[in-house]
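In: Following is a predicted model, sequence given first.
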Amino acid sequence: DSYLPVKLAGIWIKENSNPVEKVLSISYTQSVYYTEKDVFSYSELQNASDFESYLWQNRPRYLQVSIFEPHPPWIFDWIEGNTPRLNVVQAYFADAEKKNPTLIVYEIKYPF
C-alpha cells in the first residue's frame with residue numbers, strides 16, 4: 001500500500017478522462033498501468049522552458065506530483081508561478097487533517 005495514492009490517482013484519472021488524453025507523471029510505470037493512458041515522465045526535461053514547450057506541443061490534461069519519486073527541482077517553482085493555469089482535481093494526504101499531501105493531480109487549463 002505504500003504507493004496506494006499513485007494507484008488511486010491513476011484509477012481516478014482513467015475514470016475522469018477520455019482515452020486519448022495524456023498525463024504527466026514521474027511515477028511512470030504505475031501511472032501507465034493504472035491510467036491506461038499515454039504518460040510522459042517530465043523528469044527528463046531540463047527546465048521549465050522545456051516543460052512549457054512540451055505542454056504546448058502535446059497538451060496533456062493532467063499533471064501528477066507526489067512524494068513517491070524525486071522530481072526535477074524546477075517543477076515546484078513552475079507550479080507556484082502557474083497556479084491560474086492549474087486546477088487541483090484530486091489530492092491524497094498522509095494525515096486526517098489534510099495538511100500533508102502525498103500526491104496532487106492538477107488539471108492543466110488551456111490555452112495559457
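Out: Received, thanks.

In: From now on I want contacts and neighbour counts done on CA atoms only, so please keep to that.
Out: Noted.

In: Unless I'm misreading it, Glu21 sits right up against Asn58, doesn't it?
Out: No. Counting by Cα atoms under 8 Å, no contact exists between Glu21 and Asn58, whose distance comes to 9.7 Å.

In: So those two - more neighbours on which side?
Out: Using other Cα atoms under 10 Å as the criterion, Glu21 and Asn58 rank with Glu21 on top: 17 against 13.

In: contacting residues for that one?
Out: Residues touching Glu21, when contacts are defined by Cα atoms under 8 Å, 6 or more residues apart in numbering, comprise Lys37, Asp38, Pro60, Arg61.

In: can you pull out the strands in the chain?
Out: Taking DSSP state E as the test, the strands found in the chain are 22-24, 38-40, 62-66, 86-93, 101-108.

In: Now render the ones you listed as JSON lines, adding mean pLDDT and mean neighbour count.
Out: Converted to JSON lines, these look like this (pLDDT from 0 to 100; neighbours: other Cα atoms under 10 Å):
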{"stretch": "strand 22-24", "mean pLDDT": "98", "mean neighbour count": "24"}
{"stretch": "strand 38-40", "mean pLDDT": "97", "mean neighbour count": "19"}
{"stretch": "strand 62-66", "mean pLDDT": "97", "mean neighbour count": "23"}
{"stretch": "strand 86-93", "mean pLDDT": "98", "mean neighbour count": "16"}
{"stretch": "strand 101-108", "mean pLDDT": "97", "mean neighbour count": "20"}
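
In: Ok, which of those comes nearest Gln30?
Out: Nearest of these to Gln30, taken as Cα to Cα: strand 38-40 at 9.9 Å.

In: how about the helices of the protein, start to end?
Out: With DSSP state H applied, the chain shows helices at 4-15, 28-35, 48-58, 74-81, listed in chain order.

In: between those, which one is nearest to Asp95?
Out: Proximity to Asp95, assessed across these by Cα to Cα, is greatest for helix 4-15 (12.7 Å).
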